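Enquirer: could you look at this predicted model? Sequence included:
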Amino acid sequence: MGRLNTAPAFDAPDTFYESLIEAHRDLSTAQSHAMNTALVLLLANHIGDLEVISQALAYARAAIDDDTAHQEATS
């Protein structure tokens, strides 16, 4: 049984973020969405554990839902 690791794992998180932003440079919104989709599928394949991927999907969705609820409460 796999478990999603949400602890910081990057030695250089800023370098990763810069690489991610650079990879999106000069892309249209549609191209950026397509690249994100391709990246998610590649990383999901790399992980290869459906239980961990399901946990990641739930965690990511909860983060969006929490952010939306917070925005609605403060507007």
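Expert: Thanks, I have the structure now.

Enquirer: need the contact list for the closest residue in space to Gln55 that isn't next to it in sequence.
Expert: Among residues not flanking Gln55 along the chain, Leu4 sits closest, at 3.9 Å (Cβ to Cβ, 6 or more residues apart in numbering). Every C-beta, even on glycine, is put in place using the N, C-alpha and C of the backbone. By Cβ atoms under 8 Å, 6 or more residues apart in numbering, the residues touching Leu4 are 52, 55-56, 59.

Enquirer: any low-confidence regions in this structure?
Expert: Of all residues in the chain, those with pLDDT under 70 make up the ranges 1, 69-71.

Enquirer: regarding it, what is its longest helix?
Expert: Longest helix in the chain by number of residues, with DSSP state H as the criterion: helix 50-74.

Enquirer: I'd like to know which elements that one is packed against.
Expert: With contacts taken as 3 or more Cβ pairs under 8 Å, 6 or more residues apart in numbering; DSSP states H and E, helix 50-74 sits against helix 29-47.

Enquirer: between the helix it packs on and helix 50-74, how big is the angle?
Expert: 140 degrees (axes from the mean of the first three to the mean of the last three Cα atoms, to 10 degrees).

Enquirer: send me helix 29-47 as CSV with only the CA atoms.
Expert: The C-alpha trace of helix 29-47 is given here as CSV (Å, rounded to 0.1, in the frame of the first residue of the first chain):
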residue,chain,number,x,y,z
THR,A,29,-3.2,29.0,-22.7
ALA,A,30,-4.3,25.9,-24.6
GLN,A,31,-0.7,24.8,-25.1
SER,A,32,0.1,25.4,-21.4
HIS,A,33,-2.9,23.3,-20.4
ALA,A,34,-1.8,20.5,-22.8
MET,A,35,1.7,20.6,-21.4
ASN,A,36,0.4,20.4,-17.9
THR,A,37,-1.7,17.4,-18.9
ALA,A,38,1.3,15.7,-20.5
LEU,A,39,3.4,16.4,-17.5
VAL,A,40,0.8,14.9,-15.1
LEU,A,41,0.4,11.8,-17.2
LEU,A,42,4.2,11.3,-17.4
LEU,A,43,4.6,11.7,-13.7
ALA,A,44,1.7,9.5,-12.9
ASN,A,45,3.2,6.8,-15.2
HIS,A,46,6.5,7.2,-13.4
ILE,A,47,4.8,6.8,-10.0
